[in-house]
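Enquirer: using only what follows, build the 3D model:
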Amino acid sequence: MLDLACGSGRHAFEFATMGHSVTGVDYSPDLLAVARAAAESRGLDVRFVEQDMRVLDVDGGPFDAVTCLFDSIGYLLTNEPIVEALRRARQHLAPHGVLAVEFLHAPAVLRHASPVRVRRLPTPAGGTLYRISEVRLDTARQTMHVDYELLDLNEAGTAVSHWTETHDNRYFSLEEMRALFQSAGLTSQFIPAYGEADTIDDSVWHVIAIARPSTAA
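Expert: Numbers count the residues shown, from 1 in each chain. Alright, predicted model coming up:
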């Protein structure tokens, strides 16, 4: 398996524990350092490679499966780099191989995105992690800009750490994602991610495209 935009390796580790031979790819050396350390601590034999999926060229293939999960394809934002990343992924697939790509579903984003959202999560130390997200939609470019603020409080309510991060991610309709896959020489079908629903409607935020090389590619 080839896991694109693998980040700190969480999906790659799950695949490895299922018995698959896994190569993870990401363009962030910092995240890959975290992934390698975590793989070593867990005793998992996962290979990690620093590359940009738009210029993907990984040895060890072809691969039976290529994945790009957690809406990572949307970080490329515009059609040309998305198609190039999909084309590169197809080139790494075995003839019988399958590509699985998770993406943000436009109808759900447009209907349900909240300008401000607060989540409270318990921490192992008995405190609370607050995650505040502020969302702005650019409907012309079909992108969602999110500013995150995270505040880690201990059991006594004192701040332990505080940090912020920003994400820009594109959202897609099924029709335009199908067209992008076709441009990359892939045929696709779609299923709801995470068991959100039985069918894909405007309540489904995350969709997984299951794609295979088209016979005309």
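Enquirer: how about the nearest residue to Y75, chain neighbours excluded?
Expert: Once flanking residues are discounted, Y75 sits nearest to N169: 6.0 Å by CB to CB, 6 or more residues apart in numbering. In this view, the C-beta of every residue, glycine as well, is placed from N, C-alpha and C.
Enquirer: cool, E196 as well?
Expert: Counting by CB to CB, 6+ apart, E196 lies nearest to V204, which is 4.9 Å off, once chain neighbours are set aside.
Enquirer: where does the one you found land in three-state SS?
Expert: What DSSP: H, G, I helix; E, B strand; the rest coil gives for V204 is coil.
Enquirer: now V58
Expert: Using three-state DSSP, the structure places V58 in coil.
Enquirer: pLDDT wise, what is A5 at?
Expert: Looking at A5, its pLDDT reads 98.
Enquirer: what's the neighbour count on it?
Expert: 23 (other CB atoms under 10 Å).
Enquirer: likewise L31?
Expert: By other CB under 10 Å, the residues close to L31 number 18.
Enquirer: okay, and it sits in which element?
Expert: helix 29-42 (DSSP states H and E).
Enquirer: against which helices or strands is that helix packed?
Expert: Where contact means 3 or more CB pairs under 8 Å, 6 or more residues apart in numbering; DSSP states H and E, helix 29-42 is packed against helix 10-17, strand 23-26, strand 47-50.
Enquirer: excluding covalently adjacent residues, which one is nearest to the residue nearest the centre of the chain?
Expert: Centrality entry for the chain: nearest residue to the mean C-alpha point is F70, 2.5 Å, by CA atoms, centre = their mean. Leaving aside its chain neighbours, F70 sits nearest to E102 (6.2 Å; criterion: CB to CB, 6+ apart).
Enquirer: what do you get for G127?
Expert: N154 (4.3 Å).
Enquirer: now that neighbour: how far from F63?
Expert: Note on N154: its distance to F63, by CB to CB, to the nearest Å, is 44 Å.
Enquirer: with neighbour numbers in mind, choose between the two.
Expert: More crowded of N154 and F63, by other CB under 10 Å: F63, with 21 against 14.
Enquirer: domains of the chain?
Expert: As assigned by automatic domain parsing, the chain contains the domains 2-107+171-213, 116-168.
Enquirer: mean neighbour count, those domains: which tops it?
Expert: Among the domains of the chain, ranked by average contacts under mean count of other CB atoms under 10 Å, first place goes to domain 2-107+171-213 (a mean of 18).
Enquirer: give the pairing partners of the helix or strand containing the residue nearest to F70; include direction for each.
Expert: Assigned by DSSP H and E, E102 falls within strand 93-105. Applying DSSP bridges to the sheet, strand 93-105 is found paired with strand 63-68 (parallel), strand 159-172 (parallel), strand 206-213 (antiparallel).
Enquirer: show me how far the helix or strand just after that strand is from its chain's centre.
Expert: The helix or strand immediately downstream of strand 93-105 is helix 106-112, counting by DSSP H and E. Its chain's C-alpha centre and that of helix 106-112 lie 18 Å apart, by CA atoms, centre = their mean, to the nearest Å.
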